[in-house]
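# quick one: sequence and predicted model below, then my questions.
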Amino acid sequence: MPEPATAPEPVLESGEAALEPGQEAAGAAVERLAWVMGRLRTGCPWDAEQTHLSLVRYLVEETAEAVEAIEAGDDAAMREELGDLLLEVVFQAEIGRERGAFTLADLAAGVADKLIARHPYVFADAPVPDDPMASWEQRKKAEKARASAVDGIPEPLSALARAVKTVSRARHHRVGVALPSDPIDAEAVGWQILALAARAEASGVDADQAVRQAVRRLEAQVRAAEAGL
């Protein structure tokens, strides 16, 4: 196999710092991975027949395995599972390149541009906001021309993840919906949710469905507040 090409020098805008040690090597390593993926698409029958949709199950599985490794605090497992997750991105990018839709470079450039645009207090002279998450959400809403703070939350999220995301959007966009904010630690959150699940099960209540219905009600309250109703 030929030696991987040297990663090109990054284009640094005014005010950007040079790469830290170890970051330079990342470009060459990712280029090598892209090269390997290209060869697999032409040389391996299984890889060659995959599509964006057929790979979704593996993207979900690898994400779950990466989460498991991170929560276990296992560095060796994190290195492996995050690498597998990176493979899924590179695989999708290679299929996109073959279709003439987008490339791996497009993905990297797009997300870098987005990060710079949403952090003017890091890459420009804007003041640091009191609430960086609120600033992020507001800029995201403006960029995507969303009518509501709760637009664009992915449907495939679990009921609990969707609830957390909806509450976060409502809070950071300050839409005027009253939400609990008294502090609670992670262990208490876990046990209280588990206790509610146990009570729901004992009462014959579908906990997932109940959360989805509550989230829909919260979304309706957010939209009503935004409309001034």
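Structure received. Numbers count the residues shown, from 1 in each chain.

# ok, which stretches of the protein are helices?
23-43, 45-49, 56-72, 75-99, 104-118, 120-123, 132-143, 159-172, 186-202, 207-226 (DSSP state H).

# please identify the deepest-packed of those.
Across the helices of the chain, the average number of neighbours (mean count of other Cβ atoms under 10 Å) peaks for helix 159-172, which reaches a mean of 17. Placement of C-beta: from N, CA and C, glycine included.

# mean confidence for that helix?
Computed over helix 159-172, the mean pLDDT rounds to 89.

# so what does that helix touch, helix or strand wise?
Here helix 159-172 touches helix 132-143, helix 207-226, going by 3 or more Cβ pairs under 8 Å, 6 or more residues apart in numbering; DSSP states H and E.

# and the last one, how far out from the chain middle?
In this case it means helix 207-226. 22 Å (Cα atoms, centre = their mean, to the nearest Å).

# could you dump it to PDB, C-alpha only?
Output of helix 207-226 as PDB, limited to C-alpha atoms (Å, rounded to 0.1, in the frame of the first residue of the first chain):
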ATOM      1  CA  ALA A 207     -44.000   5.000  30.400                       C
ATOM      2  CA  ASP A 208     -42.500   5.700  27.000                       C
ATOM      3  CA  GLN A 209     -45.900   6.700  25.600                       C
ATOM      4  CA  ALA A 210     -46.700   8.800  28.600                       C
ATOM      5  CA  VAL A 211     -43.400  10.800  28.100                       C
ATOM      6  CA  ARG A 212     -44.100  11.200  24.400                       C
ATOM      7  CA  GLN A 213     -47.500  12.600  25.200                       C
ATOM      8  CA  ALA A 214     -46.100  15.000  27.800                       C
ATOM      9  CA  VAL A 215     -43.500  16.200  25.300                       C
ATOM     10  CA  ARG A 216     -46.100  16.900  22.700                       C
ATOM     11  CA  ARG A 217     -48.000  19.000  25.300                       C
ATOM     12  CA  LEU A 218     -44.900  20.900  26.200                       C
ATOM     13  CA  GLU A 219     -44.200  21.500  22.500                       C
ATOM     14  CA  ALA A 220     -47.700  22.900  22.100                       C
ATOM     15  CA  GLN A 221     -47.200  25.200  25.100                       C
ATOM     16  CA  VAL A 222     -43.900  26.400  23.700                       C
ATOM     17  CA  ARG A 223     -45.500  27.200  20.300                       C
ATOM     18  CA  ALA A 224     -48.400  28.900  22.000                       C
ATOM     19  CA  ALA A 225     -46.000  31.000  24.100                       C
ATOM     20  CA  GLU A 226     -44.000  31.900  21.000                       C
END
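
# coming back round to it: how about CSV for the helices of the chain, with distance to Val150 added?
Below are those laid out as CSV (distance: least, Cβ to Cβ, whole Å):
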stretch, distance to Val150
helix 23-43, 35
helix 45-49, 38
helix 56-72, 23
helix 75-99, 27
helix 104-118, 19
helix 120-123, 25
helix 132-143, 10
helix 159-172, 5
helix 186-202, 22
helix 207-226, 5
